[in-house]
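S.K.: here's my sequence, what's the structure:
(one chain, ligands or ions: 3)
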Amino acid sequence: MSDMKAALNAARERRSGGDDAEPNLNPIPDSGSRYDKPIVIAQENGLPIIDISAFLDASSSQEARRTTAKAINAACVNYGFFYLTGHGIPVTKLDEIISLARDFFALPLEEKNKIKRFDAGGPEGGDGARGYQGLGENITGGLQDMQEAIDWYRDWPEDKRKPGDGGPGSVKSLQGVNLWPEQPQELKPVYMDYIERVKIVGKALVHAMGVALDLGSVSKDAGNTTEDEEVFVRNCDHSFWVMRMIGYPPLTTPHTPGTDIDQFSCGAHTDYGCVTLLLTDPTPGALQVQLKDGTWLPADPIPGAFVVNIGDMIERWTNGLWKSTLHRVIHRGQQYRISVPFFYEPNFDAMVKPLGKCVEGTGGRAIYQGSTYGEHLLTKVFSNFYYSKRTDW
Ligand SMILES: N=C(N)NCCCC[C@H](N)C(=O)O
Ligand SMILES: O=C(O)CCC(=O)C(=O)O
Ligand SMILES: [Fe+2]
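M.R.: Residues are numbered from 1 along each chain as shown. Ligands and ions are numbered 1, 2, ... in the order given. Reported below is the predicted structural model:
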């Protein structure tokens, strides 16, 4: 932990413009636009590439949809991860998202802290989950992640507040409104527009997943009205989405082969809900995905494509047929890395339990109990922050 602390302090020092400040704190990659190359449509030895356009275009044929759905099923059974193309969001828009994030993180800490996440010192005091989190504030697997970030969630309107006392696991931290930076000025309108577009892609994707599981063939005669290919679409019709804008300074401690890695940009974890649509800058070698044999595969960005992975709720709905895959970030590159995952999630109150069709297909026994997405999210949120007043770290 002391190495980690030293590294965090060194990074803070550099970013606050200490004596040995490096001039190139937050450089824009000099490779030009990341979208100046043609979109790759197939690749060897990597994650599969899925084109989602058949589920976005109302006039596409059943056959085209079936083909896409089959590819999704194979990708989800084998990896839980894939690249997504054909999403219809212009590359100029994606470039703008990354460059505005870069501009925000390059601001002085004092400016970023104007929208700091409310930290009352721990679960007992109640805390806010929305807003800016500085280096060292995020925890994964008990270790501090070398990253800073902003989290935005679906709005939680005042008149829909649930009673919450701010006690352990309280829903209070997720209620309220988002905190938006004043600088750069265009960030809020550009990101709000992006959220609307990426939600459409998320909806198409969970629709395709219902088709991929062949849920349309579930018999309604057997009194089953809750399982059909739109089951995920319905459970996400008020998606409690999360958007996270992350900045990663390069890790500072070299790793000795043969020893445990003790510093991560983001430690190994699974995502919590339905599908994550991840947009990153072109930095290679940072995001790694765990394969079934336990080895780690780099999931390097493909220009114009999202990296998509399924979350814990899809694993639960499919009774483990599709796994919510472990992934991690180890960024030892030269430049400051940006990523913007959009988590398209179920409704906060969606009850998630294994689908009958999936239970049948996985040996006949449900391996998960039912609970709501909100309950799952709350347990995660509270183990994710370094609380200022906790002393047991
Ligand atoms: N909504 C999501 N997935 N947010 C990002 C999760 C990063 C890992 C987290 N600290 C953990 O330990 O789960
Ligand atoms: O930065 C990345 O590439 C992935 C981040 C991630 O997995 C997460 O925030 O859940
Ligand atoms: Fe993740």
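S.K.: Lys199 and Phe240 touch, don't they?
M.R.: No: counting by C-beta atoms under 8 Å, Phe240 is not a contact partner of Lys199; they are 11.6 Å apart. Any C-beta I mention is one placed from the backbone N, CA and C, and that applies to glycine too.
S.K.: the two - which one has more neighbours?
M.R.: Phe240 (21 against 17; other C-beta atoms under 10 Å).
S.K.: wait, what's in contact with Pro298?
M.R.: Neighbouring residues of Pro298 by C-beta atoms under 8 Å, 6 or more residues apart in numbering: Pro284, Gly285, Ala286, Leu287, Gln288, Val289.
S.K.: scan these and report the most crowded one.
M.R.: Leu287 (26 neighbours).
S.K.: what's the closest non-adjacent residue to that residue?
M.R.: Ala299 (4.8 Å; C-beta to C-beta, 6 or more residues apart in numbering).
S.K.: residue contacts, that neighbour?
M.R.: Gly46, Leu47, Phe81, Leu287, Gln288, Val289, Val307, His327.
S.K.: for it, give its distance to Leu278.
M.R.: Shown here: Ala299 relative to Leu278, a distance of 9 Å by C-beta to C-beta, to the nearest Å.
S.K.: again, but for Gly121
M.R.: From Gly121 to Leu278 the distance is 32 Å (C-beta to C-beta).
S.K.: these two: who's more crowded?
M.R.: Leu278 (25 against 12).
S.K.: and the more buried one, that's in a strand?
M.R.: Yes: assessed by DSSP: H, G, I helix; E, B strand; the rest coil, Leu278 belongs to a strand.
S.K.: residue contacts, Ser61?
M.R.: Taking C-beta under 8 Å, 6+ apart, one finds Ala54 in contact with Ser61.
S.K.: now it: how far from Arg197?
M.R.: 24 Å.
S.K.: Met209 too?
M.R.: Where Arg197 is concerned, Met209 sits at a distance of 19 Å (C-beta to C-beta).
S.K.: neighbour count: the two, which is higher?
M.R.: Between Met209 and Arg197, counted using other C-beta under 10 Å, Met209 has the larger neighbour count: 26 against 15.
S.K.: the stretch 251-393 of the chain against ligand 1: which residues are in contact?
M.R.: Cys266, His269, Asp271, Tyr272, Phe343, Lys380, Asn384 (C-beta under 6 Å from any ligand atom).
S.K.: could these go into CSV alongside neighbour count, distance to ligand 2 and pLDDT?
M.R.: As requested, these are exported to CSV (neighbours: other C-beta atoms under 10 Å; distance: C-beta to the nearest ligand atom, whole Å; pLDDT from 0 to 100):
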residue, neighbour count, distance to ligand 2, pLDDT
Cys266, 22, 5, 98
His269, 17, 7, 98
Asp271, 23, 5, 98
Tyr272, 20, 9, 98
Phe343, 24, 7, 99
Lys380, 14, 11, 93
Asn384, 16, 10, 90
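S.K.: just these: which are in helices?
M.R.: Judged by DSSP state H, these include Lys380 as members of helices.
S.K.: next, format the residues of the stretch 251-393 of the chain next to ligand 1 as TSV and append distance to Arg244.
M.R.: Below are those laid out as TSV (distance: C-beta to C-beta, whole Å):
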residue	distance to Arg244
Cys266	10
His269	12
Asp271	10
Tyr272	12
Phe343	7
Lys380	13
Asn384	11
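S.K.: closest to Lys162 out of the residues of the stretch 251-393 of the chain next to ligand 1?
M.R.: Lys380 (17.8 Å; C-beta to C-beta).
S.K.: and the residue lying closest to the closest one once chain neighbours are set aside, how close does it get to Pro346?
M.R.: Nearest residue to Lys380, sequence neighbours excluded (C-beta to C-beta, 6+ apart): Tyr272, at 5.4 Å. Relative to Pro346, Tyr272 is positioned 10 Å away (C-beta to C-beta).
S.K.: show me what from the stretch 251-393 of the chain comes close to ligand 2.
M.R.: So the stretch 251-393 of the chain meets ligand 2 at Cys266, Asp271, Leu278, Thr280, Leu287, His327, Val329, Ser339, Pro341 (C-beta under 6 Å from any ligand atom).
S.K.: from these, which ones fall inside strands?
M.R.: Cys266, Leu278, Thr280, Leu287, His327, Val329, Ser339, Pro341 (DSSP state E).
S.K.: is it true that Val201 touches Gly86?
M.R.: No: assessed by C-beta under 8 Å, Val201 is found out of contact with Gly86, at 9.5 Å.
S.K.: find residues that contact each of those two.
M.R.: In contact with both Val201 and Gly86: Ile52, Leu56, using C-beta under 8 Å, 6+ apart.
S.K.: pLDDT below threshold where in the chain?
M.R.: Applying pLDDT under 70 to the chain flags residues 1-45, 123-126, 164-169, 219-225, 391-393.
S.K.: let me see the ranges of the helices in it.
M.R.: 2-15, 62-78, 91-105, 109-112, 187-212, 231-235, 312-317, 356-361, 373-383.
S.K.: buried residues in the fifth one, which are they?
M.R.: Translated: helix 187-212. Across helix 187-212, burial judged by 16 or more other C-beta atoms under 10 Å covers 187, 191, 194, 198-199, 201-212.
S.K.: cool, stretch 304-313 as well?
M.R.: Buried, per 16+ other C-beta under 10 Å, within stretch 304-313: Gly304, Ala305, Phe306, Val307, Val308, Asn309, Ile310, Gly311, Asp312, Met313.
S.K.: and stretch 333-348, by the same measure?
M.R.: Neighbour-count burial for stretch 333-348 [16+ other C-beta under 10 Å]: 335-348.
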